[in-house]
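> this one's structure only:
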């Protein structure tokens, strides 16, 4: 099946829907956190600063720290991201986050806030605090399991900054691998998928294939949330060379450099990370 190019201004081989045709290894589920951390390494090099919001910040697999996004992003070197807002509702995972925060070196120029409770409520406290200004590059990871993040939460993030400012950038994981089974299970608590989808017609999503489901969200990120660059990047189950798509990471940004750097992170996830010297050769104007 052919899929339309999501970034018509980029070369065809950079299209997320065609990324597997390049011969590169696919991004597996265990690489999700590394993909986010690699992208933020690239982008923080360009912005030279930034804030990071993690809506579901606890480790998915505590015995595999390389799959923990908050840990990888916080320990990225050089440490250009300066503000961290970590949200978690589960008490056991809050304990892991407290331990992670306690392990960080003292840095008077860096702040880390831990918000215990429902991300859909905590985000309003974070946005109202004044820490996320119109000029501050801000990135929000939504690594939910199924339907935990409400559509109204995404709207609050997308509309927080003043018109003309670059929006809070989103990394939204959509669990296409099991939503087809999970959604029909909401026979009583139908308010959960309604709040997640932001509409009452969520049942229409059950019959969609993974690409069609991703596209339904991608279009709404673009049309309703107002993001200029939106793409869905497939995350595969590591079962065989052409494994099942378990997630799409929907990346939404207003920055013209964002599609190029996300493509770079996706293609290079299994390769050694470029050094700061290599990055300066590419962006000499950023040399201090």
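Okay, I see it. Predicted model only: the values in this text are computed from it and were never measured. Numbers count the residues shown, from 1 in each chain.
> how about the strands in the chain?
Here the chain has its strands, by DSSP state E, at 51-54, 83-88, 111-116, 138-142, 169-174, 229-236, 245-253.
> So for the third one, what gets flagged as buried?
Translated: strand 111-116. Buried residues in strand 111-116, defined by neighbour count with 16 or more other CB atoms under 10 Å: 112, 113, 114, 115. The C-beta positions use only the backbone N, C-alpha and C, and glycine is treated the same way.
> Compute the inter-axis angle for that strand and strand 83-88.
Interaxial angle of strand 111-116 relative to strand 83-88 (axes from the mean of the first three to the mean of the last three CA atoms, to 10 degrees): 20 degrees.
> Direction included, what does strand 111-116 pair against?
Strand pairing for strand 111-116, using DSSP bridges, gives strand 83-88 (parallel).
> cool, and the fourth one?
Looking at strand 138-142 with DSSP bridges, its partner strands are strand 51-54 (parallel), strand 169-174 (parallel).
> can you give me the angle the longest one makes with strand 229-236?
Inter-element angle recorded for strand 169-174 and strand 229-236: 40 degrees (by the same axes, to 10 degrees).
> Run through who's touching strand 169-174.
Defining contact as CB atoms under 8 Å, 6 or more residues apart in numbering, one finds that strand 169-174 is touched by 32, 36, 39, 137-144, 149, 154, 157-158, 213-214, 217, 221, 227, 232, 235, 247-255, 258.
> what about the closest residue to residue 73 other than its chain neighbours, how many neighbours?
On the basis of CB to CB, 6 or more residues apart in numbering, the spatially nearest residue to residue 73 that is not a chain neighbour turns out to be residue 37, at 5.0 Å. Counted with other CB atoms under 10 Å, residues neighbouring residue 37 total 22.
> ok, now how distant is residue 37 from residue 133?
In this structure, residue 37 lies at 24 Å from residue 133, with CB to CB, to the nearest Å as the measure.
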